[in-house]
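> pasting a predicted model and its sequence here:
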Amino acid sequence: MLWILCLLCLEPPKAILRDETTIEVRSALFYRSLEWSAQPVLKIEPSDPLAKESKSSTLPIGSSGSDHLNMIWQSSTATLAIDLNSDGKISEKERFNLTSKPIEITIQVDGKSRTLMVRLRGDDPVFCIRGFIAGEVEIAGKNYNYRLLDGDGDGCFHRVGVDRLWVDLDGDGKFDPLTEQVTVGSAMEIKGVKYILKPNAAGDRIEVTRRPDLKGEMEFVLTRTVKAKPSDVQLSLVSEWGEWIPLTDIEKVASLPAGKYRLERLSFSLSESKYNSWSYSFYNSKNDFNLTVTPGEKTKYELLPGLKLQMSVELPEKGLRTGDTVMTRPRVVADNFLSLNMCSSEKSGTIISKPSVCEIDLNELGSLVLDKTKSTIQCGQFTRMPVQVPAKWTGKKMELVVKFPTGPLAGDLIEIRDLQIREQK
């Protein structure tokens with residue numbers, strides 16, 4: 001049984017967002033670098049100066065998991081373009097000159113105005129959202145001052161293993177970076193008792209739970225279809241009371257506090273041969289706690305069963321016609337909740353990895369290719385890409401074919417969607 005010692009209710013102690021850059025002379029900014037790709041994520045006219053020698057990326061923001069800022073960086077002109085209003089285009093007001101001096105841009109995060117700070121690190125921009133939370137939390141009948149810092153630049157304060165929590169345990173009005181700071185989701189010991197402090201996304205409410213004393217065991221095994229032995233394994237669990245538990249050896253039985261968990265992230269490598277290896281990373285796209293550790297028992301859990309390729313397809317409301325554009329976004333999922341957010345291969349003796357690319361073909365039945373494009377993984381998700389039905393095409397039925405190579409994990413994954421042209425009157 002979980003003993004909830006304090007759940008901040010309708011009128012918790014005050015917590016405020018301080019739009020500042022330091023806490024007691026220490027920096028409160030954590031800049032985030034992005035993955036950049038030549039594959040465009042925004043509509044740019046060929047005549048636009050940004051159409052040449054530029055690269056694109058996406059910055060996830062907010063708590064929903066679906067909000068993001070699409071952007072273009074052109075280093076030759078030091079121009080950064082950000083689609084601030086999410087209309088898929090870049091206006092003159094959304095273009096910024098980024099040189100040696102950092103810039104500040106007002107953005108919306110979960111309905112609130114925040115300050116996006118951008119500076120150069122090497123040749124590319126890095127990003128953070130300014131501000132930290134200052135508040136008070138009750139633990140075992142005593143109030144403590146706390147600070148919450150955004151560790152991944154999404155403007156939120158609840159990401160386990162990433163965001164930072166400082167608690168003034170000794171009440172001296174200061175925060176010791178060694179004894180009074182943890183990553184969100186890590187246990188904090190107070191007077192010999194371990195507690196988990198679970199903030200909400202805004203950081204103004206914290207649920208405090210004493211870690212359960214009873215324990216059970218969990219053993220993880222990679223899906224039986226994979227013959228190669230995984231290496232460089234990183235697996236993280238999050239408990240229903242908010243504790244973040246990282247594991248590095250899935251072949252070793254883990255002793256865990258009894259309760260329910262969700263598998264948050266999984267990454268590993270597989271050798272295809274002595275000359276080639278592949279790396280993978282998955283994240284939990286849902287918040288369900290579907291793993292149970294029973295007191296005094298051992299549970300075995302298979303990782304990545306039923307790996308498959310999916311795609312979302314956006315069609316015109318009035319039906320598909322010649323000349324129309326079809327938007328699609330691939331997704332690789334396993335067990336209905338783990339989503340692939342990185343897949344790359346690397347040849348032996350090199351330090352450069354090659355990201356896997358998802359090929360998207362719009363075909364006439366009979367394999368004639370009408371249009372084609374590619375989708376890459378940027379900032380944890382496949383890019384949303386267009387294919388166009390030729391304006392002068394006279395056929396009626398098509399198929400959208402998506403193919404993604406996963407190497408020794410599951411080979412080539414393929415998904416096919418049938419499409420039909422609406423009768424034109």
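Arrived safely, thanks for sending. If you're wondering where the values come from, they're calculated on a predicted model, not measured in any experiment.
> C-alpha only now, for contacts and for neighbours.
OK.
> check contacts around F337.
By Cα atoms under 8 Å, 6 or more residues apart in numbering, the contact list for F337 reads 284-286.
> kindly recompute the last result at 10 Å.
By Cα atoms under 10 Å, 6 or more residues apart in numbering, the contact set of F337 is 262-264, 282-288, 290, 304.
> mark which of these are buried, thanks.
The neighbour count (16 or more other Cα atoms under 10 Å) marks 262-264, 282-285, 304 as buried among the contacts of F337.
> just the closest of those residues to E346, please.
F282 (18.2 Å; Cα to Cα).
> residue contacts, the closest residue to that closest one other than its chain neighbours?
In this structure, F282 finds its nearest non-sequential neighbour in L340, 4.3 Å apart by Cα to Cα, 6 or more residues apart in numbering. With contacts defined as Cα under 10 Å, 6+ apart, the neighbours of L340 are 265-267, 280-285, 307, 309, 331-334, 377, 380-382.
> repeat for D288
With Cα under 10 Å, 6+ apart, D288 has these contacts: 240, 260-263, 337.
> what number of residues lie near N145?
The tally of other residues near N145 (other Cα atoms under 10 Å) stands at 19.
> element containing it, please.
Assessed by DSSP states H and E, N145 sits inside strand 142-149.
> likewise for L59?
According to DSSP H and E, L59 maps onto strand 55-60.
> what is the mean pLDDT for the strand holding N145?
Averaging pLDDT along strand 142-149 yields 96.
> give me the number of residues near the residue lying closest to P102 once chain neighbours are set aside?
Using Cα to Cα, 6+ apart and skipping the chain neighbours, the partner closest in space to P102 is R119 (4.4 Å). Using other Cα under 10 Å, R119 is surrounded by 18 other residues.
> hang on, R119 packs against S100?
Yes - taking contacts as Cα atoms under 10 Å, R119 lies within contact range of S100: 7.3 Å.
> re earlier: quick one: which of the buried ones among the contacts of F337 sit in strands?
Applying DSSP state E to these, the entries found in strands are 262-264, 282-284.
> quick one: those as CSV, columns for pLDDT too.
As requested, those are arranged in CSV below (pLDDT from 0 to 100):
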residue, pLDDT
R262, 93
L263, 93
E264, 91
F282, 94
Y283, 91
N284, 88
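> show me the two of those residues that sit farthest apart.
Every pair of these checked by Cα to Cα; the farthest is R262 and F282, at 13.0 Å.
> can you give me the buried ones in the strand holding N145?
144-149.
> would you confirm that A28 contacts A134?
No - the criterion here is Cα under 10 Å, and A28 misses it with A134 at 11.9 Å.
> what's the overlap in contacts for the two?
Common contact partners of A28 and A134 (Cα under 10 Å, 6+ apart): 147-149.
> which secondary element of this protein has the worst mean pLDDT?
Lowest by mean pLDDT, DSSP states H and E among the helices and strands of the chain is strand 4-7, with a mean of 43.
> picking that back up, and of the buried residues of strand 142-149, the nearest to S76?
Nearest to S76, judged by Cα to Cα, of those is L149 at 33.7 Å.
> thinking the closest one is in contact with H158, fair?
Yes - using Cα under 10 Å, L149 is in contact with H158, at 9.3 Å.
> where do the contact lists of these two overlap?
164-165, 183-184, 203.
> contacts only, for K112.
Contacts of K112 by Cα under 10 Å, 6+ apart are 62, 155.
> now do the phi/psi pair for it.
Main-chain torsions, K112, degrees, to the nearest 10: phi -120, psi 150.
> gap between it and A81?
Counting by Cα to Cα, to the nearest Å, the gap from K112 to A81 is 21 Å.
> tell me the pLDDT of the nearest residue to L307 once chain neighbours are set aside.
Using Cα to Cα, 6+ apart and skipping residues adjacent in sequence, the residue nearest L307 is A334, 4.4 Å away. As predicted, A334 sits at a pLDDT of 88.
> same question for the one 4 residues further on.
L338 is assigned a predicted lDDT (pLDDT) of 90.
> again with W36
W36 carries a pLDDT value of 86.
> tally of neighbours for it?
Using other Cα under 10 Å, W36 has 19 other residues around it.
> my guess is it contacts Q378. True?
Yes - at 7.3 Å, W36 and Q378 qualify as touching, with contact defined as Cα under 10 Å.
> mutual contacts of these two, please.
What both W36 and Q378 touch, as defined by Cα under 10 Å, 6+ apart, is the set 56-58.
> which one of those is nearest G216?
For those, the closest approach to G216 (Cα to Cα) belongs to T58, at 40.4 Å.
> the nearest residue to the closest one once chain neighbours are set aside: how many residues sit nearby?
Distances taken as Cα to Cα, 6+ apart put N70 closest to T58, at 4.6 Å, once the chain neighbours are dropped. Neighbours of N70 under the rule other Cα under 10 Å: 22.
> ok, now L98?
L98 has 21 nearby residues by other Cα under 10 Å.
> quickly note the distance from it to D163.
According to Cα to Cα, L98 and D163 sit 27 Å apart.
> what do you get for I105?
Shown here: I105 relative to D163, a distance of 22 Å by Cα to Cα.
> ok but L50 is inside a helix, no?
Yes - L50 sits within a helix when classified using DSSP: H, G, I helix; E, B strand; the rest coil.
> right, and it touches L80 too?
Yes - when contacts are counted by Cα under 10 Å, L50 is listed as touching L80 (9.3 Å).
> what is in contact with the two at once?
Counting by Cα under 10 Å, 6+ apart, the contacts common to L50 and L80 are 72-74.
> which member of the residues you listed is positioned nearest K397?
Using Cα to Cα, I72 comes nearest to K397 of the shared contacts of L50 and L80, at 35.8 Å.
> show me what the closest one is bridged to.
On the basis of DSSP bridges, I72 is bridged to S56, A81.
> quick one: contacts for it?
By Cα under 10 Å, 6+ apart, the neighbours of I72 are 36-38, 40-42, 44, 50-51, 54-58, 79-83, 90, 95.
> which of the residues you listed are buried, as a PyMOL select command?
In PyMOL, selecting the buried portion of these, with burial taken from 16+ other Cα under 10 Å, looks like this:
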select buried, resi 36+37+40+41+42+44+50+54+55+56+57+58+79+80+81+82+83+90+95
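> right, I'll leave it there.
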